[in-house]
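**Q** Kindly generate the corresponding structure for this input.
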Amino acid sequence: MAVRFSLLAGLIGLLAWQVDLGAALGALQGVDGTVVAIALLGVQLHVLLSAVRWRVTAACLGQRLGWRAAIGEYYVASWLNQVLPGGVSGDVLRVVRNRQSERVADQWQTPAHAVLLERLAGQVAFALVAVVGLLCWLATATTVMPAAGLRLVVTVVLALLVFLGLAGVTMRFARLGASRFARFLVDFGPALRVAWFSHGLWFVQGVLSLSIVACYLAVFALASYAVGAPLHPITAVMVLPLALLTMLVPVSFAGWGVREAAAAALWPLAGYSGADGVAASVVYGLVTLAGALPGAVILVWRPWRHQPSTVSDSRA
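**A** Take a look at the predicted model:
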């Protein structure tokens, strides 16, 4: 923990040294409130679509989730992922609060599979969009960075995605214990096949996941527009996924500090200053935090929710 906060403090110090924070503050003071309101609606759409994806994934595995439960629990998870370190606490709580009946031999496995597969679908879609953005750089931005350098960036980003994905999965479920973790992995393949590939579900999962990624990018693009730094759609696809990708690095709360440093480095490639990038990133962070506030209300209202769901085996 001490190392994590030391890295974050060093990063913030470097950001303060390299970026005109006064200019960033000035950009924040001129934020367009109407655009911010539209961005808040984008956050709600993101939560709704994510809840739909979770409900579809759980249903494929035999777990029944009502619409109100799926949406409410996703708000709770989104809020906790914003305010707790690591970015996965809300997902773990989704499993706990929606586990199966105690009469089931393993009341955690199906809910855990559903949550993991739902989040993994989003990471795959996000990785695809990030790669498309990097390929756009390779095709159009060789004057800014040599093609060889961009290929190196592509390789590093892909390696980082793989590493963070494997590390996140291992850390999230290692606490199940050796035997239960082994069983979880054995059953994960069939669960993935059922939830992603049976009955043409790859199309449903793909459309939902790409739509959710589009919401992320749209909210960030609106945040940049709100501070007076509108991004061309192609430019947005090139810079926004990389800025959001840094949030996977587990050294801060919800990517704060890391995301701003990335935006400060990336926005000059779009023709703006690093201060504009910092301001846009701060607005994005505040909008996503405010958009998840219903989760805090639900958590206070129903802090110990556990309604055992009916689960049937649908992996035959």
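**Q** Could I get the full set of helices for the stretch 1-150 of the chain?
**A** 2-18, 21-29, 33-60, 67-83, 89-97, 109-140, 147-173 (DSSP state H, counting those that start in this stretch).
**Q** low-confidence ranges in the stretch 51-200 of the chain?
**A** 86, 100-107, 140-186 (pLDDT under 70).
**Q** Would you confirm that G90 contacts L84?
**A** Yes: counting by CB atoms under 8 Å, L84 is a contact partner of G90 at 7.5 Å. The way it works is simple: take the backbone N, C-alpha and C, and place the C-beta from them, glycine included.
**Q** who's more crowded, these two?
**A** G90 (24 against 15; other CB atoms under 10 Å).
**Q** got the contact list for the more buried one?
**A** Under the criterion of CB atoms under 8 Å, 6 or more residues apart in numbering, the contact list for G90 reads V76, A77, S78, W79, L80, N81, L84, G295.
**Q** In space, what's closest to the second one - neighbours in sequence excluded?
**A** I take that to be A77. G90 (3.1 Å; CB to CB, 6 or more residues apart in numbering).
**Q** what does the fourth one give?
**A** Nearest residue to W79, sequence neighbours excluded (CB to CB, 6+ apart): G295, at 3.0 Å.
**Q** separation between that neighbour and V219?
**A** With the distance defined as CB to CB, to the nearest Å, G295 ends up 16 Å from V219.
**Q** ok, these two, which is more surrounded?
**A** For G295 versus V219, neighbours defined as other CB under 10 Å are more numerous around V219 (26 against 23).
**Q** Enumerate every residue touching that one.
**A** Listed by CB under 8 Å, 6+ apart, the contact set of V219 reads A39, G42, V43, H46, Y284, V287, T288.
**Q** got a list of what the residue nearest to W79 touches?
**A** By CB under 8 Å, 6+ apart, the contact set of G295 is Y74, Y75, V76, A77, S78, W79, L80, G90.
**Q** Look up phi and psi at it.
**A** As for G295, its main-chain torsions (degrees, to the nearest 10) stand at phi -60, psi -40.
**Q** With just CA atoms, put the strand or helix carrying L245 into CSV.
**A** In this structure, L245 sits in helix 233-245 according to DSSP states H and E. Provided in CSV are the C-alpha atoms of helix 233-245 (Å, rounded to 0.1, in the frame of the first residue of the first chain):
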residue,chain,number,x,y,z
PRO,A,233,-14.1,11.6,-33.7
ILE,A,234,-11.0,10.0,-35.1
THR,A,235,-8.8,11.8,-32.7
ALA,A,236,-11.1,10.8,-29.8
VAL,A,237,-10.7,7.1,-30.8
MET,A,238,-7.0,7.5,-30.8
VAL,A,239,-6.5,9.3,-27.5
LEU,A,240,-9.4,8.5,-25.2
PRO,A,241,-8.9,4.7,-25.0
LEU,A,242,-5.3,5.2,-24.0
ALA,A,243,-6.3,7.7,-21.3
LEU,A,244,-8.9,5.3,-20.0
LEU,A,245,-6.6,2.3,-20.2
